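Engineer: Next come a sequence and a model predicted from it.
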Amino acid sequence: MHQLTLFERNYIDHIHFCLGYLGEIIKDVVEKSTFAKTMMITYSFDGDKLQGTGGAIKKALPALPDAFFVTYGDSYLDIPYESVESKFMESVDDNCGLMTVFKNSNKFDVSNVIYENNKIILYSKKQPDKKMEYIDYGLGILRKNHFDPYPENTLSICQKYMRIFLLTENL
């Protein structure tokens, strides 16, 4: 519920939950909350086999607008979402997505981003590099067309489209 309060405070009122294990319980709790009356909330479920972030989003695409925020259920990001959206909208390239990054230096979790000269040099959760000092911050903006080239069940998240990057210290 804390996430929904945060979204409501940031004037985000269309929410889509991509749910996996025990997702029905989450849906039941949300449906009984006041948010079910004040927000447009939709759901999709992974089913028996977990899809990963990218697979879950691809499955949810019919319920999503052309461009949409992606955040994780365990990331409470009390930041100005409007600033993030404005940075994204400055891009005229429909092939661009946005990823926020945070200087982590392996403090909170394993760093997975090399960020230099206002650019992501490398992003990988599977191949750590000692030069990685930043971590993806759990908030991005993607477009539906980013998922077109990928068949179901073959992606974790569309990394090749993450061309706009925000340092959270600048938000």
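Structural biologist: Looks like it arrived, so ask away.

Engineer: Which strand runs longest in the protein?
Structural biologist: Ordering each strand of the chain by length in residues (DSSP state E) puts strand 134-143 first.

Engineer: what comes into contact with that strand?
Structural biologist: 57, 66-72, 74-75, 77, 79, 84-85, 88, 94-95, 97-104, 108-115, 123, 157-158, 161-162, 168 (C-beta atoms under 8 Å, 6 or more residues apart in numbering). To be clear about C-beta, it is placed using only N, CA and C from the backbone, and glycine gets the same treatment.

Engineer: Could you tell me how many residues sit around Cys96?
Structural biologist: 17 (other C-beta atoms under 10 Å).

Engineer: and the end-to-end length of stretch 42-56?
Structural biologist: From the first residue to the last, stretch 42-56 extends over 13 Å; the measure is C-alpha to C-alpha, to the nearest Å.

Engineer: Spatially central residue for this protein, please.
Structural biologist: Val70 (2.4 Å; C-alpha atoms, centre = their mean).

Engineer: For it, give me its contacts.
Structural biologist: Counting by C-beta under 8 Å, 6+ apart, the residues that Val70 touches are Thr53, Ile57, Leu139, Gly140, Ile141, Leu142, Ile157.
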